[in-house]
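Asks: Predicted model, plus sequence, below.
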Amino acid sequence: MSKFQFPESIKSRPVYGTLKARPGKYHLMIADAEGAEAILHLHEQDAGLMAKAHIIYIPKGSNLGERLRAIRPAQYYEGPTYEAAASRIERVLEATHMGTQIYLTGTEGLMGQAMRACMNAGIPHTAIQTEHRGSVARRMQCVHCKGITEDVETDPFECSHCGLNLFVRDHYSRRLAAFQGVCIDAEDPGNVPEKVELYK
């Protein structure tokens, strides 16, 4: 099982649940990596769901795509990155009707970006189910240069854009779909603590 129990944190930090099959005319499922496991679990809850499901999947090195195809969703798309799938996600959301069930699962980076796309399409975040599966790496924004660094696994980390040493904060921006990182040695340049893995 690839689930992780996040420790309690500040209010802006997203909280994830467990996907549950809900009645609906259409089901949009967006997942990456081990998020496929949560979709497979939905199929176990209600196999009939897949006849009305559109799965958008980004494998990120996992080998679960074949298992997703085997449950025979009405539509299936597999892309190399979220960026490659973004235009498809936006088109699907633009055509979405009232009562569509939306399920997001996998890494925080994927769920955050897909949640932002849903909210931009007018769907409130409270109407979307999420379940974290897999990596605990974060999508981080440097508050100094505004650059985004994907898959941050250590605290502190070096901004991939400006090179500053950043402290990994729990403060999360839904608008940016990213956690915020601030310079850790601004007052004492070069005094940077040793890197540690997130949640270790």
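Replies: Received, thanks.

Asks: all strands of the chain, in order?
Replies: Along the chain, the stretches classed as strands by DSSP state E are 27-32, 53-58, 75-78, 101-106, 128-132, 138-142, 148-152, 154-155, 157-158, 165-173, 178-183, 196-197.

Asks: ranking those by burial, who's on top?
Replies: strand 27-32 (a mean of 28; mean count of other C-beta atoms under 10 Å). To be clear about C-beta, it is placed using only N, CA and C from the backbone, and glycine gets the same treatment.

Asks: Please work out the average pLDDT along that one.
Replies: Averaged across strand 27-32, pLDDT comes to 97.

Asks: would you put the C-alpha positions of that strand in PDB?
Replies: Below are the C-alpha coordinates for strand 27-32, written out as PDB (Å, rounded to 0.1, in the frame of the first residue of the first chain):
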ATOM      1  CA  HIS A  27     -16.800  10.100 -13.600                       C
ATOM      2  CA  LEU A  28     -13.600  12.000 -14.300                       C
ATOM      3  CA  MET A  29     -10.500  10.300 -12.700                       C
ATOM      4  CA  ILE A  30      -7.200  12.000 -12.800                       C
ATOM      5  CA  ALA A  31      -4.200  10.200 -11.300                       C
ATOM      6  CA  ASP A  32      -0.400   9.800 -11.400                       C
END
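
Asks: by how many degrees do it and strand 53-58 diverge?
Replies: Interaxial angle, strand 27-32 versus strand 53-58 (axes from the mean of the first three to the mean of the last three C-alpha atoms, to 10 degrees): 10 degrees.
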